[in-house]
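Enquirer: show me the folded form of this:
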Amino acid sequence: MTLLAVALVGGSPAAHAQSHAPSQQLVEDLTQLARAALTMARLEDGSPVPPETPEEQAQPIISRVVEVQVIRRGELSAQMERCGLDWRKDSFLPFMQALRAGGWSGKKMAYVGMLHGMSQGMTSRGLGESSDGCAESDVKAMKQEAASLITPERGSSDASSSL
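Expert: A predicted model of the protein is given here:
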């Protein structure tokens, strides 16, 4: 898993301040891990996500397009954290609030949270300890990216067309 994290980031936060799509292999690996760990996530009422039936496991929880966006959001949150920014307030919470405003709830939200957390954790490990901070241009780019990724359409069943 460490090699995956190193391959994921492979450079400084400045090199990754601009939006980029994660590799197909990374997406496949992270989505499989998140799906396998989903029963550790919690629903809105605090209860654990129930185990999936074989029929449920055969169906995607959310579209691959949105999975990629969630993974990128996790990477961005890690980069912001490394730069000393408030990643919760500026990245994660607005993203989750936008999904909820778009009608998302239950297992979808639990899965998004799990996938984001795994992506953020792997990216953080790859980035290592905080250094002397980040260039103002990188901070600006990260904040702009964070703001640009929170526009799902209200009532959308998947939000993939507008995230």
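
Enquirer: gap between residue 141 and residue 135?
Expert: 9 Å (CB to CB, to the nearest Å). From N, CA and C alone the C-beta is placed, and that goes for glycine too.

Enquirer: who has more neighbours, the two?
Expert: More crowded of residue 141 and residue 135, by other CB atoms under 10 Å: residue 141, with 19 against 13.

Enquirer: report the buried residues of the helix or strand hosting residue 26.
Expert: Here residue 26 sits within helix 24-36, counting by DSSP states H and E. Residues 26, 27, 29, 30, 31, 33, 34, 35 are the ones in helix 24-36 that count as buried (16 or more other CB atoms under 10 Å).

Enquirer: switch the residues you listed over to TSV; also include pLDDT and distance to residue 68.
Expert: Converted to TSV, these look like this (pLDDT from 0 to 100; distance: CB to CB, whole Å):
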residue	pLDDT	distance to residue 68
26	92	9
27	95	6
29	95	13
30	96	10
31	96	9
33	96	15
34	97	13
35	96	15
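
Enquirer: from those residues, pick the one nearest residue 55.
Expert: Set against residue 55, the nearest of the buried residues of helix 24-36 by CB to CB is residue 35 (14.2 Å).

Enquirer: right, and that closest one touches residue 59 too?
Expert: No. Counting by CB atoms under 8 Å, residue 35 does not reach residue 59; the two are 11.0 Å apart.
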